[in-house]
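**Q** Predicted model and sequence below, questions to follow.
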Amino acid sequence: MRTILTIQSHVAFGHVGNRAAVFPLERLGFDAIAVNTVQFSNHTGYGAWTGMVLPPDHIADVLRGVEARGAMDGVHAVLTGYMGDAALGDVVLSAVARVRQGKADALYCCDPVMGDVGRGFFVRPGIPEFFRDRAVPQADIITPNQFELEFLTGHTVTDLSSALSATKAARKLGPRWVMVTSLTRSDAPDDNIEMLLDGPDGAFLVATPRLDLSPLPNGAGDCVAALFLAKFLETGDGQLALSHAASSIYAVFKATRDAGQRELQIIAAQDQLVHPSRFFSASRVD
């Protein structure tokens, strides 16, 4: 049994942050140690919510308790996402360092949750700079969306060539693998949505049909990062992990559309997380 420490947001209702990551990790056979950075009633995309951003001291105390159980030495990877406050950065990176003390080859997968195309930044001041200047350089894997990739690198992405230039610039910041969770480009069909992986073995692209989902469910990026990390840990194959993540999230989107729901139908589509019925293969592009 492999263990992943996941430090992300939590909502009571819906599936974003840890609520979108923990179940897929467990369904794929991993033990998940979940540490929540916020506790909200629901995703902020609804426009109204209750709850609070948990103070860094509280999160550090929870992590100390986990360490006291001896659990940190058995962690194979750390997954981080939405943080709520830039002051949490030191706590997160200290946890990564502690895990690597116990297991030198443990992976750090950083989902630099900051914003999105059309919405801009939706996090507190200081968080984008923390990701760019401190977290991303220490990560092994990053999973930005297109907006976040452009911010991290200063590269505008319009086509495949500029996307590859941006991922290569992101890799120069430190991470070995850059997985872009949602890519839209001028030289691709409008009815497709793509994911792009750039790593030591080359760059790979996978496309899935763009489904009519309105409003677009939140939490897909959180789920994709968990799916990719789990499959990568299982196989060591980035191309396969990319294909699996894209195929599984497509199935979740389809179940969400068919149910007429706004929240990701992760539970209803749980078998698809493990064995997606429609498999989309990633192709080498560089």
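**A** Happy to help now that I have it. Numbers count the residues shown, from 1 in each chain.

**Q** Go ahead and list the helix or strand containing residue 197.
**A** Per DSSP states H and E, residue 197 falls inside strand 192-199.

**Q** Paired strands for that strand, with orientation please.
**A** strand 177-183 (antiparallel), strand 202-209 (antiparallel) (DSSP bridges).

**Q** from the ones you listed, which stretch is densest packed?
**A** Of those, the one with the most neighbours on average (mean count of other C-beta atoms under 10 Å) is strand 177-183, at a mean of 24. All C-beta atoms are positioned from the backbone trio N, CA, C, and that covers glycine.

**Q** what does that one contact?
**A** Identification of contacts with strand 177-183 by C-beta atoms under 8 Å, 6 or more residues apart in numbering yields 140-146, 149, 157, 163, 167, 170-171, 193-200, 205, 220-221, 224-225, 228, 232, 238, 242, 245.

**Q** rewinding a little: mind putting the strands paired with strand 192-199 into a markdown table with mean pLDDT and distance to residue 7?
**A** Rendered in a markdown table, the data for the strands paired with strand 192-199 read as follows (pLDDT from 0 to 100; distance: least, C-beta to C-beta, whole Å):
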| stretch | mean pLDDT | distance to residue 7 |
| --- | --- | --- |
| strand 177-183 | 96 | 18 |
| strand 202-209 | 97 | 27 |
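
**Q** Tabulate these in CSV, adding columns for distance to residue 82.
**A** Shown next, in CSV, are the strands paired with strand 192-199 (distance: least, C-beta to C-beta, whole Å):
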stretch, distance to residue 82
strand 177-183, 14
strand 202-209, 24
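
**Q** who touches the closest residue to residue 128 other than its chain neighbours in this structure?
**A** Computed as C-beta to C-beta, 6 or more residues apart in numbering, the closest residue to residue 128 that is not its neighbour in sequence is residue 114, at 4.8 Å. Residues near residue 114 by C-beta under 8 Å, 6+ apart: 121, 122, 123, 127, 128, 131, 147, 148, 151.

**Q** swap in residue 240?
**A** 231, 282.

**Q** how far off strand 192-199 does the helix or strand hosting it point, in degrees?
**A** For residue 240, the element it lies in under DSSP H and E is helix 238-259. Interaxial angle of helix 238-259 relative to strand 192-199 (axes from the mean of the first three to the mean of the last three C-alpha atoms, to 10 degrees): 150 degrees.

**Q** nearest residue to residue 110 other than its sequence neighbours?
**A** The spatial neighbour of residue 110 that comes closest, neighbours along the chain excluded (C-beta to C-beta, 6+ apart), is residue 139 at 3.8 Å.

**Q** ok, the one you found - contacts?
**A** With C-beta under 8 Å, 6+ apart, residue 139 has these contacts: 108, 109, 110, 174, 175.

**Q** Show me which of these are buried.
**A** Burial by neighbour count, 16 or more other C-beta atoms under 10 Å: within the contacts of residue 139 this picks out 108, 109, 110, 175.

**Q** Strand partners (parallel or antiparallel) of the host helix or strand of the second one?
**A** Here residue 109, judged by DSSP H and E, is contained in strand 107-110. Note on strand 107-110: by DSSP bridges, its sheet partners are strand 75-80 (parallel), strand 141-142 (parallel).

**Q** who touches that strand?
**A** Here strand 107-110 has contacts from 76-80, 96, 99-100, 131, 135-136, 138-143, 175, 225, 228-229, 232-233, using C-beta under 8 Å, 6+ apart.
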